[in-house]
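Peer 1: With the input below, show me the fold.
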Amino acid sequence: MFATVILAVAILPIVGVFSQGHSLSQKDMRRIGAIHLAESTMNKLLKLPYSMVSIGTVNSDLVTASGTVPFGNINGEAHVVYAASLVVSDYPVTFSYHPVDLNDPGYDVSKSETWKFLPSTSDGATFNGSGPFKPIMVKQYEVSVSWTEPNGVTPPPINIVTLKANLEE
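Peer 2: Next up, the predicted model:
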C-alpha cells in the first residue's frame, strides 16, 4: 500500500510535464501557422503586377483582376483567428554609377576596350517621385500577422518585409 502511494506521488509530476509539453507544442503550432500565413500572403502579393497594389494600409481582402489576397481576420487551424494586414509604402532609390565618356575620340560603342569610365556619380540616378523623369520605381511591402493565445496574451506579431520593383515600364 505504501509503495503504491509513493509510485502515485512520483507519477503525478510526470503527467504534469506531459500536459505542459502538449500546451507548449500547441503554442508553437500557432506561431508556425502565423509564419506560414505571412509567407504565403507575401508570395501571393509578389505575383501581382506592380500597379495592382496601391500605397497605404490594407486590412481587408485585396481583390484584383489577378486574384484575391486575404487580409483581415483569417481562421486558422485549431480555432485560431489570425489578423493579417499589409502596409505598402514608396521606397525611393538612389544609386551611383560610373558613366562612360562618350566624348572621348577613341570611343567605339562596339568595342568595350575603348570605353573610358568617368568618376562615380549619382546624377540622374534618383527615383524619388520628385519629377516626371524621377518616378518611384520600388514599393515596400510589410505583411503583419498577429493572434491572441487562448490565455488572452497577444504574442509579438510576425512581420515580413520585402521590396517590389516596377518592371512593367
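
Peer 1: which residues of this structure score low on pLDDT?
Peer 2: 1-24 (pLDDT under 70).

Peer 1: swap the cut-off to 80 and go again
Peer 2: 1-26, 78, 124, 169 (pLDDT under 80).

Peer 1: can you map out the helices along it?
Peer 2: All helices of the chain, identified by DSSP state H, fall at 2-47.

Peer 1: Show me what the residue most central in space within the chain bridges to in the sheet.
Peer 2: A centroid search over the chain (CA atoms, centre = their mean) returns I160, at 2.7 Å, as the residue closest to the centre. With DSSP bridges applied, I160 shows beta-bridge pairing to V143.

Peer 1: gap between it and P49?
Peer 2: I160 is 20 Å from P49, where distance means CB to CB, to the nearest Å. From N, CA and C alone the C-beta is placed, and that goes for glycine too.

Peer 1: Contacts only, for E149.
Peer 2: By CB atoms under 8 Å, 6 or more residues apart in numbering, the residues touching E149 are K27, R30, P155.

Peer 1: and the gap between it and S85?
Peer 2: The gap separating E149 from S85 is 19 Å, by CB to CB.

Peer 1: ditto for Y141
Peer 2: Distance, Y141 to S85, using CB to CB: 11 Å.

Peer 1: Same question for M29.
Peer 2: Counting by CB to CB, the separation of M29 from S85 is 22 Å.

Peer 1: and what of N151?
Peer 2: 23 Å.

Peer 1: Which one's more surrounded, these two?
Peer 2: Shown here are N151 and S85; by other CB atoms under 10 Å, S85 has more neighbours (18 against 7).
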